[in-house]
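Asks: Got a sequence here, can you model it:
(2 chains)
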Number of protein chains: 2
Amino acid sequence: MHSDLWVKEVIDENFAASFRVERTLFSAKGPFQTVDIVETKGHGRMLLNDGMVMLSERDEHVYHEMMAHVPLMVHPNPKRVLVIGGGDGGTAREVLRHPQIEKCVMVEIDQLVVDACKEHIPQTASVFGHPKLELIIGDGVDYVAQYKKGRDQKFDVILVDSTDPVGPAQPLFGPEFYQNIYDCLADDGIVVSQGESPYYHQEMQRTLIKIIWEKFPVATLLNFHNMTYPGGLWSFSFGSKKYHPERDFRPSGLATIKGGFRYYNENVHRACFALPNFQLENVGQFLKI
Amino acid sequence: MHSDLWVKEVIDENFAASFRVERTLFSAKGPFQTVDIVETKGHGRMLLNDGMVMLSERDEHVYHEMMAHVPLMVHPNPKRVLVIGGGDGGTAREVLRHPQIEKCVMVEIDQLVVDACKEHIPQTASVFGHPKLELIIGDGVDYVAQYKKGRDQKFDVILVDSTDPVGPAQPLFGPEFYQNIYDCLADDGIVVSQGESPYYHQEMQRTLIKIIWEKFPVATLLNFHNMTYPGGLWSFSFGSKKYHPERDFRPSGLATIKGGFRYYNENVHRACFALPNFQLENVGQFLKI
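Replies: Model prediction:
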């Protein structure tokens, strides 16, 4: 017999995704958002912020592999990576599988997410003991605004692993933030950001890629499939000061990562930049590639 | 104010997708399946067979464009096409946009689906008046078994646009059917079939591609994203006696189709064969490409 407990996410008022739940492991309301972790049937453990699915153990590798490895297989010599958000640890986990990375700084606004994942989602949060990881609990918007004024070494790659642009993540979809990101990046730096759904968030996706297009000489989107996200199809934006995501791709780098990949591979890297026509109609004018 | 009527599809016991409904347009139980057409909010009109989402007006072009144009842009001179299933008309509609097609035979088992779509989903069913279309209400399994014994000209391309392999569509996922498909195809023929979800139907997908792999010298899967299908990521199988889906692809053919495409384009064609690692683990041994 199955339990009849479900967690339901309503998207866009007209679509809802429901996942069968075995039991609730964690539920708390913090200063930024409510955080829930449930044990589902069929999708592993699932993290929800303000009722929105952030990750499930079943498909989190898709999102995290694509966010980390696409830029790190394009940049020829990445040593310093900044992750904004990503409190579950999955993005930093994938970054730190690259042996040449010397330091990964992660700035997560919500201690509650980190603590909840440490206790209940070791699949991603196991990275928090990594010696090359510096975890800062703080506002990523303030962090980059301050960091660029300092004399610290710039970042080779910045990954904006944010929630949707409501609540604490809203400023992460604005032009000032991306000017600061630009200034925190080295002269050949790359920024990859959570870019929403090409189906359900067309306006947000256009807003984001337009900002990248205004500031970076190379600007595009890449697509991947996350089974637990609404509609399944999801995008990241890719902004780069120098390197081209396809021409500068170094597939030989894949063999340097121990343990392989569950989603990413050489063909997937090349294919993820092929945007369908309906998406090009929305964002095509803001691509530079 | 929104209505609070929803249509809900439960998949795999552990996931459910719900779409907000404005009103029910059609609902009947026929000899093969129940057929419902609802007007949704946000996804246009939606066809459900036995409660499973078959198409929505919002994303049907993805499925139908990929099923028809991928093989028709690979085969250099397709003239005769057979569609098994596809009672909504969308696949035949896309086939008949190719001016060189001389005849499209469509064999749909369920008159009720055709009639319901004719009345309520003209977006796909408008094709039923097309002079090059021959619509046969009958069992596709019997049709190919009989057709191969006759002296009629073979087909260049066969498209198996079936429902999931339960109920009337079950024999469409078996080896005998594919032997008959093979025998109904010309010596350079191609068959493309609805191939289920790489996430939710791994065993069915492996069963199908194994059959294609056993019978055809070229066998692979191609992926696309259908927002209203569970998990979003979906596959077709591609079996071919001669032509290679990438090396024999003729992108110059795209310009011959008036009205363009809403999803398909040259880059999407090349990218759709890039399967992620988790899918390759399941089906990789049955690919010949």
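Asks: you'd agree A:Ile212 is in a helix?
Replies: Yes. Applying DSSP: H, G, I helix; E, B strand; the rest coil, one finds A:Ile212 inside a helix.
Asks: which residues touch it?
Replies: Residues counted as contacts of A:Ile212 (Cβ atoms under 8 Å, 6 or more residues apart in numbering or on different chains) are A:178, A:191, A:193, A:219, A:237-239, A:286. For the C-beta atoms, the positions are set from N, CA and C on the backbone; glycine is no exception.
Asks: how about a cut-off of 7 Å?
Replies: Shown in contact with A:Ile212 (Cβ atoms under 7 Å, 6 or more residues apart in numbering or on different chains): A:178, A:219, A:237, A:239.
Asks: A:Gly140 too?
Replies: A:Gly140 neighbours (Cβ under 7 Å, 6+ apart): A:84-85, A:107, A:109, A:172.
Asks: likewise A:Gly44?
Replies: A:56-58.
Asks: which residues are in contact with stretch A:6-16?
Replies: Contacts of stretch A:6-16 (Cβ under 7 Å, 6+ apart): A:17-21, A:38, A:46, A:48, A:51-53, A:200, A:230, B:2, B:18-20, B:40-43.
Asks: residues in contact with the host helix or strand of A:Thr220?
Replies: Using DSSP states H and E, the element containing A:Thr220 is strand A:218-225. For strand A:218-225, the external contacting residues (Cβ under 7 Å, 6+ apart) are A:62, A:66, A:70, A:195, A:198, A:209, A:212-213, A:232-240, A:244-245, A:272-273, A:275, A:283, A:286-289, B:225, B:232-233.
Asks: Counting neighbours, what do you get for the nearest residue to A:Gly87 once chain neighbours are set aside?
Replies: Using Cβ to Cβ, 6 or more residues apart in numbering or on different chains and skipping residues adjacent in sequence, the residue nearest A:Gly87 is A:Val113, 3.5 Å away. Neighbour count of A:Val113, defined by other Cβ atoms under 10 Å in any protein chain shown: 27.
Asks: Look at A:Val113 and give its secondary structure.
Replies: A:Val113 - assigned by three-state DSSP - is helix.
Asks: State the distance from it to A:Ala68.
Replies: 18 Å (Cβ to Cβ, to the nearest Å).
Asks: Tell me if A:Gly260 really is in a helix.
Replies: No. Read with three-state DSSP, A:Gly260 is coil and lies in no helix.
Asks: Looking at the closest residue to it other than its chain neighbours now. What's its pLDDT?
Replies: Distance criterion Cβ to Cβ, 6+ apart; nearest residue to A:Gly260, sequence neighbours excluded, is B:Asn277 at 7.1 Å. Looking at B:Asn277, its pLDDT reads 98.
Asks: So what does B:Asn277 have for phi and psi?
Replies: phi -60, psi -40 (degrees, to the nearest 10).
Asks: Might one say that it is in contact with A:Gly259?
Replies: No. With contact defined as Cβ atoms under 7 Å, B:Asn277 does not count as touching A:Gly259 (11.6 Å).
Asks: More neighbours: which of the two?
Replies: When B:Asn277 and A:Gly259 are compared on other Cβ under 10 Å, the one with more neighbours turns out to be B:Asn277, at 18 against 6.
Asks: Report the contact partners of the more buried one.
Replies: Contacts of B:Asn277 (Cβ under 7 Å, 6+ apart): A:261-265.
Asks: mind showing which ranges of the stretch 151-289 of chain A have poor pLDDT?
Replies: A:168 (pLDDT under 70).
Asks: again, only using 80
Replies: Applying pLDDT under 80 to the stretch 151-289 of chain A flags the ranges A:164-169.
Asks: mind listing the strands in it by residue range?
Replies: Applying DSSP state E, counting those that start in this stretch to the stretch 151-289 of chain A gives strands spanning A:155-161, A:185-194, A:218-225, A:233-240.
Asks: The ones you listed into JSON lines, with extra columns for mean neighbour count?
Replies: Converted to JSON lines, those look like this (neighbours: other Cβ atoms under 10 Å in any protein chain shown):
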{"stretch": "strand A:155-161", "mean neighbour count": "26"}
{"stretch": "strand A:185-194", "mean neighbour count": "22"}
{"stretch": "strand A:218-225", "mean neighbour count": "23"}
{"stretch": "strand A:233-240", "mean neighbour count": "26"}
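Asks: Out of those strands, which gets nearest to B:Asn77?
Replies: strand A:218-225 (32.8 Å; Cβ to Cβ).
Asks: Strand B:233-240 and that closest one, what's the angle between them?
Replies: 90 degrees (axes from the mean of the first three to the mean of the last three Cα atoms, to 10 degrees).
Asks: Please put the alpha-carbon coordinates of strand A:218-225 into CSV.
Replies: What follows is strand A:218-225, C-alpha atoms only, in CSV (Å, rounded to 0.1, in the frame of the first residue of the first chain):
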residue,chain,number,x,y,z
VAL,A,218,29.3,36.1,-25.5
ALA,A,219,25.7,35.5,-24.3
THR,A,220,23.5,32.5,-24.8
LEU,A,221,21.2,30.0,-23.0
LEU,A,222,21.6,26.3,-22.6
ASN,A,223,18.8,23.8,-22.0
PHE,A,224,18.5,20.6,-20.0
HIS,A,225,15.7,18.4,-18.7
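Asks: report the angle between the axes of it and strand A:185-194?
Replies: 30 degrees.
Asks: Show me how far strand A:218-225 is from its chain's centre.
Replies: Centroid displacement of strand A:218-225 relative to its chain, using Cα atoms, centre = their mean, to the nearest Å, is 12 Å.
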